[in-house]
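> predicted coordinates and the sequence they were generated for:
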Amino acid sequence: MPAAAQRSDQLDELAIKRAQRGDQRAWRDLIERYQQPVHALIWRLFAGRARHRVEDLVQETFVRVLRALPEWEPAGTATLSTWILTIATRLALNELRRPEHAALTAEPEGRVDDSAERRQLAKAIAEGVARLPEAQRAVFVLREYQGLEYREIADILELDLDTVKSRLSRARAALRASLTAAGRTP
């Protein structure tokens, strides 16, 4: 989701305040609004691996969000969506660093597309993203799939802005090379 669309679809201030006070309806609204972006982020960071853990991490993200929400400052530097994606990203990256995930291979996404060509291209892209080193994949997914700005990515991953840019450049180059090797024109 592009960053501009993401910001315009934020929960309103009243809903956030209600959620911060523990209003369960506001919690449901928050989860409903951000569940898909969080799931997509974690799914892509895992690059199709350990599917069973994706759902667990989505749930754990919202447990942590709801626990910490009373302390979140709407006037702070991060939007609500960036703050939630930061929690999801850190959970996923910590999970990926666990030894049992090191040897996992990517499974192709089971999406149904309109044409065989689109499915093949989607599979080639997913496989290329899965082969990216974890640090490059995180930057790539946050920028290209979540539509975050460089500064937001730097804040989420606690990196220097130039590091974000160089990792993204390397990730794009590696993905282009992967697609070229697979006989796909980037």
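Arrived safely.
> all helices of this protein, in order?
Counting by DSSP state H, the segments of the chain that form helices are 3-8, 13-20, 24-46, 51-68, 80-96, 99-102, 116-131, 134-140, 150-157, 161-181.
> out of the ones you listed, which comes closest to Pro74?
With C-beta to C-beta as the measure, helix 13-20 is the member of those nearest Pro74 (6.0 Å). (C-beta placed from N, C-alpha, C; glycine too.)
> and that closest one, how far out from the chain middle?
If you compare the mean C-alpha spot of helix 13-20 with that of the full chain, they lie 24 Å apart, counting by C-alpha atoms, centre = their mean, to the nearest Å.
> show me what that helix is in contact with.
Outside of helix 13-20, the residues that reach it under the criterion C-beta atoms under 8 Å, 6 or more residues apart in numbering are Leu11, Arg25, Ala26, Trp27, Asp29, Leu30, Leu66, Leu69, Pro70, Trp72, Pro74, Leu80.
> re earlier: export the helices of the chain to JSON lines and tack on mean pLDDT and mean neighbour count?
Compiled in JSON lines, those are given as follows (pLDDT from 0 to 100; neighbours: other C-beta atoms under 10 Å):
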{"stretch": "helix 3-8", "mean pLDDT": "42", "mean neighbour count": "12"}
{"stretch": "helix 13-20", "mean pLDDT": "93", "mean neighbour count": "16"}
{"stretch": "helix 24-46", "mean pLDDT": "95", "mean neighbour count": "18"}
{"stretch": "helix 51-68", "mean pLDDT": "94", "mean neighbour count": "16"}
{"stretch": "helix 80-96", "mean pLDDT": "94", "mean neighbour count": "21"}
{"stretch": "helix 99-102", "mean pLDDT": "64", "mean neighbour count": "10"}
{"stretch": "helix 116-131", "mean pLDDT": "84", "mean neighbour count": "16"}
{"stretch": "helix 134-140", "mean pLDDT": "95", "mean neighbour count": "22"}
{"stretch": "helix 150-157", "mean pLDDT": "95", "mean neighbour count": "20"}
{"stretch": "helix 161-181", "mean pLDDT": "94", "mean neighbour count": "16"}
